[in-house]
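Undergrad: What would the 3D arrangement of this be:
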Amino acid sequence: TGDLTIALSGDNSGSFTLSSTSVSSIAVDGNISFTVVPKAGLAAATYTATVTVSGGSGITAKTFDVSFTVNSLPGSAGITIDAFVSEDGNLITSGGSTTIFRTAGDTLTVTVAAGLTGIQWSLNGADIAGGQSITFKAVDYPEGTYNLGLRVFKGGIPYSTDLNFTVTN
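TA: Prediction:
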């Protein structure tokens, strides 16, 4: 086939990551694979993009659409970190930043997906107790920005990520 190019387009194309943007020639009856994953830390919304695989002369470009939705929970800043390991070994989460309000009685709950083991939590660098999920009540913390660290294992391999949250009145 010759070299092929893989590209994202559309209004939300910057919200996705491609595992590869080019492929060397594919043999007759051969195949390739690549992944398209959403970026972490996106605001609540629906994100769509078009993936195009194209090549040189005689190659007809193929396109397909990808889409995902980030939901927010009404009445609280509840967040679930759906942690999983992609094919290329990266820990993918819905991490990012959020604000919880003391006066509204908001809580922040972070839950680790099933299949991950050895869960270790830290808050501003200090180890804290927690299991498969952990909940923070805004009224229990002074105003400020906090860094929640998460370390997990999958298949004996360690992965880590951070989630920043702000407590305000």
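Undergrad: tell me which helix or strand of this protein sits lowest on mean pLDDT?
TA: Ranked by mean pLDDT, DSSP states H and E, the helix or strand of the chain with the weakest confidence is strand 84-85, at a mean of 43.
Undergrad: Number of residues surrounding Ala138?
TA: By the criterion of other C-beta atoms under 10 Å, Ala138 has 23 neighbours. C-betas here are computed from N, CA, C, even on glycine.
Undergrad: With Phe165 instead?
TA: Phe165: 23 surrounding residues under other C-beta under 10 Å.
Undergrad: Let me see the contact set for it.
TA: Neighbour list for Phe165: Ala77, Ser97, Thr98, Thr99, Ile100, Leu108, Phe136, Thr145, Tyr146, Leu148 [criterion: C-beta atoms under 8 Å, 6 or more residues apart in numbering].
Undergrad: Could you tell me the end-to-end distance of stretch 15-25?
TA: 28 Å (C-alpha to C-alpha, to the nearest Å).
Undergrad: CA atoms of stretch 155-169 as PDB?
TA: C-alpha atoms of stretch 155-169 as PDB (Å, rounded to 0.1, in the frame of the first residue of the first chain):
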ATOM      1  CA  GLY A 155      -0.400  -7.200  36.100                       C
ATOM      2  CA  GLY A 156       2.300  -6.300  38.500                       C
ATOM      3  CA  ILE A 157       3.100  -3.000  36.700                       C
ATOM      4  CA  PRO A 158       2.700   0.300  38.700                       C
ATOM      5  CA  TYR A 159       0.800   3.200  37.300                       C
ATOM      6  CA  SER A 160       0.100   6.600  38.900                       C
ATOM      7  CA  THR A 161      -2.000   9.800  38.300                       C
ATOM      8  CA  ASP A 162      -3.000  12.900  40.100                       C
ATOM      9  CA  LEU A 163      -6.200  14.800  40.500                       C
ATOM     10  CA  ASN A 164      -6.200  18.400  41.700                       C
ATOM     11  CA  PHE A 165      -9.300  19.800  43.500                       C
ATOM     12  CA  THR A 166     -10.100  23.100  45.100                       C
ATOM     13  CA  VAL A 167     -12.200  23.700  48.200                       C
ATOM     14  CA  THR A 168     -14.000  27.000  48.300                       C
ATOM     15  CA  ASN A 169     -16.900  28.600  50.200                       C
END
